[in-house]
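Visitor: Compute the structure for the input listed below.
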Amino acid sequence: MDKLRGMETFIAVVESGSFIGAATRLEMSAVMVGKYIAQLEARLGTRLLERNTRRQSLTDAGRVYYDEAKRVIEQLGIAESAVERLRTAPAGTLRVSAPTSFGGCVIAPLAATFLQSWPEVRVELDLTNRLVDLVEEGIDLAIRIGEIHQQDLVARYLCAYRMVICAAPDYLARHGTPQTPADLVDHLCLSHTVWTARNEWRLPGVEGEVRWKRDAILRCNDGYGLRMAACAGAGLLLQPEVLVEEELKNGKLIRVLESFTPAPRPVHLLWRQDLRPLPKLTQFIAHLTAQAGEPN
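Guide: Purely as a prediction, here's the structure:
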């Protein structure tokens, strides 16, 4: 027996005063109403209704069950209404994972403007370079840099992740401007501590690839720290363009070796497959695409 249907039938019998009244209310036969009540009483092991040819009344157990069943059905209605609201307009908590630098510079400001348009949404933005598991960790949307090889997720291209080599005007005045990657041997370079021989950036050279200098004068585990050091004239910096965009615009940093920067990598939006994704996700994806997207 469907427990919820049994509860609804019992409530209808009590409130309408008869099996016939309940049958009309629930659009079923009076015989079916009787079957639901009989099955309900058998499962509970007690009588809920005292009935004869003239009237029916609740037993003590029936009064208790009616009150609790009524509360359950009301809560179910509240729950269903809450879910329906989530499906009609963006609302609820949206969990987003993004790479540290790109997430801080691009996704965080766009999340702020999104929240201004949809105040019923709450965004939890996790900035990490770790590849999160969307299913196990309950992530609604992940931003990934690089090629995507996961067939169980939906992926949409967002934009290119471009790198730039730059330095402060003061540094270039003291050490000169490099013209080719081979000139790096005579320059002071800054490096991120996550770079290794396996994953460091490689610069396209005239004859094959020339690796970014590994004997850096300064290493740091934070892109912001490296940016500040570069602005202070510490050396050449290889960083994502979005991280130093403002400094490039105001002249605190100058582009160098523009013909030898690493090839851009694709940025993708990833989310779990769902035939009916919630508006909070679809609207956020649309917002990111409109504000930061570009043709593939």
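Visitor: the longest helix in the chain is where?
Guide: When the chain is parsed with DSSP state H, its longest helix is helix 60-88.
Visitor: For the stretch 151-296 of the chain, which segments count as helices?
Guide: 169-175, 223-231, 245-250, 279-292 (DSSP state H, counting those that start in this stretch).
Visitor: Tell me which residues are up against the last one.
Guide: Yep, that's helix 279-292 we're talking about. Contact with helix 279-292 is made by 86-92, 94, 96, 106-107, 110-111, 113-114, 117-118, 121, 123, 140-141, 156, 158-159, 269, 271, as judged by CB atoms under 8 Å, 6 or more residues apart in numbering. Heads up, the C-betas are built off the backbone N, CA and C, glycines and all.
Visitor: try 6 Å this time
Guide: 89-90, 92, 94, 106, 110, 114, 121, 140, 159, 269 (CB atoms under 6 Å, 6 or more residues apart in numbering).
Visitor: swap in stretch 124-142?
Guide: Residues external to stretch 124-142 that are found in contact with it (CB under 6 Å, 6+ apart): 94-100, 103-104, 111, 270-272, 281.
Visitor: re the thing from before, got the angle for the longest helix of the chain vs helix 279-292?
Guide: Here the directions of helix 60-88 and helix 279-292 differ by 10 degrees (axes from the mean of the first three to the mean of the last three CA atoms, to 10 degrees).
Visitor: what is the mean pLDDT for helix 60-88?
Guide: Across helix 60-88, pLDDT averages out at 80.
Visitor: Name the residues of that helix that come out as buried.
Guide: Buried residues in helix 60-88, counting neighbours by 16 or more other CB atoms under 10 Å, are found at 62, 65-66, 69.
Visitor: thinking again about what came up before, is it possible to mark the buried ones in the contacts of helix 279-292?
Guide: 90, 92, 94, 106, 110, 114, 121, 140, 159, 269.
Visitor: Taking these together, which two end up most distant?
Guide: G92 and C159 (26.8 Å; CB to CB).
Visitor: In TSV: the contacts of helix 279-292, plus distance to N250 and secondary structure.
Guide: Putting those into TSV (distance: CB to CB, whole Å; DSSP: H, G, I helix; E, B strand; the rest coil) gives the following:
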residue	distance to N250	secondary structure
A89	40	coil
P90	36	coil
G92	40	strand
L94	34	strand
V106	19	helix
L110	22	helix
F114	27	helix
V121	34	strand
D140	36	coil
C159	23	strand
L269	30	strand
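Visitor: circling back: kindly reformat the helices of the stretch 151-296 of the chain as CSV containing mean pLDDT.
Guide: CSV is the format used below for those (pLDDT from 0 to 100):
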stretch, mean pLDDT
helix 169-175, 96
helix 223-231, 92
helix 245-250, 94
helix 279-292, 94
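Visitor: Out of the ones you listed, which is closest to A12?
Guide: Checking these against A12 by CB to CB gives helix 279-292 as the closest, at 34.3 Å.
Visitor: to the chain's geometric centre, what's the distance from that closest one?
Guide: 11 Å (CA atoms, centre = their mean, to the nearest Å).
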